[in-house]
Every structure is written in structure tokens, then in C-alpha cells.
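1. quick one, fold the following:
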Amino acid sequence: MVPTRRLAVLEAPSNLGLKPPLPAVEPGVKYMAHVLREHGVLTRLQAEDAGVVVPPAYAEAIDPVTRVRNARQIRHYSMELADRIAVLLEQGNFPIVTGGDCSVLLGSALALRRRGRHGLLFIDGHTDLMTPEHSQTGGLAGMDLACATGAGPDLLADIDACKPYIQPSDVVVFGYRWPAPDEVSVATPTASMHAMPLHRIREQGVAESAHAAIKQLESLAEGFWIHLDLDVLAPEWMPAVDSPDPGGMDPDELHTVLKIVLASPRCVGMEVTIYDPTLDPDEKLADFIIDLLASVWP
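-> Reported below is the predicted structural model:
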């Protein structure tokens, strides 16, 4: 039986991991957490307000040493975010980190690593396993899982000498559609990771796949964390993201997955990322996101 959880929403309005959509224009994901708050996420989830971790200023330039945009800012921010998540976990809360872009994973993963060995259910339309040598954007939002599992510059991948924050074998990469199964890419999950691309999930069955992922992750004594990038949804359902690639889950499929995985008592927290309110002028998708989150708790 799942114990009653004390949900706590922690805002992480970082856009540090993304390239500018236009010259001198910051990515709008930094408004995600605030818009969700304005649309009542705390009330709908009956969650405590854990405040905001304010990110450093965004810069367009790519660091010449690491080849990562905003590399030093992300390192600093990840440490601050990890400290705040650690307090919530120590207090017995279930953190829900609202992004922001996917680079917030480093803060979450660092917090978990400091507490022991944890698994990661990585629900995303992309694998985020690019490296600086192969990235065309320099954005950590496409490299976050690589860094969290020990690949990438030590400035980001080895904070506090904790590399890797998550063991590759403790990761389930779930629901991705890029890279495609027949594509040769450096972003293809490594052999030690548990790869569950969307086409295979549909062949096996969405519920069956979610149960299989949980079976893998529940073997870890310290539990597991959920990373949810909303671009796992098809663009017809979630167009307000930076990479609205064709294909993707529908809301019923994602609801089924979240309902199953959040029922596990080994799940210790989650983050939700990538919704860009500047691409959603009526902010209707904010209500869609909150409705989805509110509907999946046991």
C-alpha cells in the first residue's frame, strides 16, 4: 500500500540548458513554474509551497572549455537545487520540481546521489544523451541524462566528486522517439541502460511496460525518481515545447504510465519540465498539465 504522501512543489525556473529561440531572446520555459502556480497547481495537488530556487542570469555564449552553454551557471544552480531538494526529502516530503528545462535533472540527481543509490525513470521524447562534442546547440537540456550518468565535462558531471549521480544501469529511458530505433546516434541509450522506446512500449502494451519499468527500479533500496519532460507527448497535445517533434504519447497513455509508477512506494519524487508558456498565449496548456498531474496520484 502506498503511504500518504506530503507533496511539496519546488519551483526551478531555469532556462540555462537551452539555446536562444532567436538572437537576444531567452527561452520561455523560465515562466513555466510561475504560470503553473498562477493556475492553481498548489491547490489542485494539495501540495505544500516549497518556494523557488532562483537561477543565475541566462547567457547566450557557449563556454569554450566545456562546450556547454551556461556551464558554470548550471553547476552553481544544480548545487543550490540539490540542497533544497535534500531538505524536502529529509523532512519526509515528496518533491515535485517544476521547471524550467531538463538541466534541472542535475540538481535532482545530485541530491539523490548524496543520499545513496537511486534509480531514474526518464520519461522523455528524447534520450538527452548527447555530449558536447556532438551537440549542435551546446544546450545541456539535450545532454542532461548523459551528464547525470557520468558522461560529459566534470564541471557538471562530477560535482562534489559524486560522479555518476545515477548509475547507467539504474536508468529506464522510457517513451522516447528520438533517436529512432533504426538511427545510428551517439544519443542511443548505452547497453547498460534499460531502453524502452515508444514503439516498443506500444507493442508490449503501455500498462505492461510501465509495470516492467517499475519492477526494474523497485529493486533499488533507496527508491527512484521520475523525470517527466512534457515533450514526450505528441505536439497535437503539447505544442508549447522547444522541440515539438512528430509522434509521441497521447494523454491517456501518459496518464496510464504516471498512475502506475506513482503508485510505487519506492518513488521518492519527480520533476516536470519544458512547457513554454510563451508558446501558449492563452495558457490553456497550463490547466492541461495541472489536470494531468492532479489525476494520477493514488
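2. please enumerate the helices of this structure.
-> All helices of the chain, identified by DSSP state H, fall at 32-38, 41-45, 71-90, 105-115, 144-148, 154-157, 198-204, 206-217, 251-261, 284-294.
3. got the angle for the longest one vs helix 105-115?
-> Which is helix 71-90. 50 degrees (axes from the mean of the first three to the mean of the last three CA atoms, to 10 degrees).
4. from residue 30, how far off is residue 95?
-> 19 Å (CB to CB, to the nearest Å). C-beta coordinates here come from the backbone N, C-alpha and C atoms, glycine included.
5. ok, back up a step: between the helices of the chain, which gets nearest to residue 238?
-> Of all the helices of the chain, helix 284-294 sits nearest to residue 238, with 6.6 Å by CB to CB.
6. correct me, but residue 210 touches residue 262?
-> No. Applying CB atoms under 8 Å, one finds residue 210 not in contact with residue 262, separated by 10.1 Å.
7. before we move on, back to that, turn the helices of the chain into TSV, including distance to residue 59, mean pLDDT and mean neighbour count.
-> Formatted as TSV, the helices of the chain follow (distance: least, CB to CB, whole Å; pLDDT from 0 to 100; neighbours: other CB atoms under 10 Å):
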stretch	distance to residue 59	mean pLDDT	mean neighbour count
helix 32-38	20	98	21
helix 41-45	29	98	17
helix 71-90	7	98	20
helix 105-115	18	98	25
helix 144-148	18	98	29
helix 154-157	15	98	18
helix 198-204	34	97	15
helix 206-217	36	97	19
helix 251-261	34	98	19
helix 284-294	27	98	18
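8. tell me which of those approaches residue 179 most closely.
-> It's helix 198-204; of the helices of the chain, that one is closest to residue 179 (CB to CB) at 11.9 Å.
9. and that closest one, what does it pack onto?
-> helix 206-217 (3 or more CB pairs under 8 Å, 6 or more residues apart in numbering; DSSP states H and E).
10. how close does the residue nearest the centre of the chain sit to residue 97?
-> Nearest to the geometric centre of the chain sits residue 227, at 3.5 Å (CA atoms, centre = their mean). As judged by CB to CB, residue 227 and residue 97 stand 9 Å apart.
11. overlap of the contact sets of the two?
-> Residues within reach of residue 227 and of residue 97 at once, by CB atoms under 8 Å, 6 or more residues apart in numbering, are 108, 270-271.
12. nearest to residue 47, of these?
-> Using CB to CB, these come closest to residue 47 at residue 270, 11.9 Å.
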